[in-house]
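Peer 1: Fold the following, please.
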Amino acid sequence: MAEGTDIKKSTASDELDKLANLKYNDEPIEFSLPKLKIEAREIWLNAPLAAMGIRNIGEMQNYSIFTETIEAKSNIYQKATIEFTEEGAEGAAITWNGMVTAPGPDAPVPAKPVMNVNRPFVFFINETTTGACLFATRVTDL
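Peer 2: As a prediction, this is how the structure comes out:
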C-alpha cells in the first residue's frame, strides 16, 4: 500500500472485493518484504461454529457407551501461524478438541507476537487453480 493510505478504509469489504477481482501480469518484479512470523493466539471455536449452525458442541454429553458413566463437554480450539522468509511463505493451522470433565480455569493467554514492519500492510495467499483464499491478514499494529 502506498505510504499514507488508510489501511482500515482500504480493507473494507467493498475494497476487498475490488482487490479480489484485480487482474495482474505474470511478470518478474523486484519485491521486498521483511522476514516475519505471525502466530495467531489460540481461539475458541464453539461460538463461531454455533453461529454457523453447528449445534451441541459445548453441551454436556454422556460417554457411558465407552466406559463407566462420564459426562463431559467438548471445546474446539484453533491456532494458526504464517512465516515469510527468503525462501517463501509457509503457513499452518491446527484445530483440536479438548474434553472438559470439570470446570477449570480458562486457557492461558499466549505471549503477544513480535513483528518488525515499517508500515501497515495486508497479505493474501490464494490457491491458484481455484482462487480460494488460504490466508488473509491485515497488519496494522507496528
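Peer 1: who touches stretch 16-23?
Peer 2: Stretch 16-23 is contacted by residues residue 124 when judged by Cβ atoms under 8 Å, 6 or more residues apart in numbering. Where C-beta positions appear, they are placed from N, C-alpha and C, glycine not excepted.
Peer 1: is it true that residue 49 lies in a helix?
Peer 2: Yes. In this structure, residue 49 lies within a helix as judged by DSSP: H, G, I helix; E, B strand; the rest coil.
Peer 1: Near it, how many other residues are there?
Peer 2: Here the number of neighbours of residue 49 (other Cβ atoms under 10 Å) works out to 14.
Peer 1: quick check, residue 9 in a strand?
Peer 2: No. Counting by three-state DSSP, one finds residue 9 to be helix, located in no strand.
Peer 1: And it, how far from residue 124?
Peer 2: 17 Å (Cβ to Cβ, to the nearest Å).
Peer 1: Spell out which residues make up each domain of the chain.
Peer 2: 1-34+117-142, 36-112 (automatic domain parsing).
Peer 1: Tell me the strands beside the top strand by length along the chain, with direction?
Peer 2: Longest strand in the chain by number of residues (criterion: DSSP state E): strand 71-85. Strand 71-85 pairs in its sheet with strand 36-39 (antiparallel), strand 43-44 (antiparallel), strand 61-62 (antiparallel), strand 88-100 (antiparallel), by DSSP bridges.
Peer 1: Which one of those lies nearest to residue 54?
Peer 2: Ranking the strands paired with strand 71-85 by proximity to residue 54 (Cβ to Cβ) places strand 88-100 first, at 12.8 Å.
Peer 1: Okay, buried residues for that closest one please.
Peer 2: Using 16 or more other Cβ atoms under 10 Å as the test for burial, strand 88-100 gives no buried residues.
Peer 1: what residues does it touch?
Peer 2: Against strand 88-100 from outside (Cβ under 8 Å, 6+ apart): 45, 72-83, 125, 134-135.
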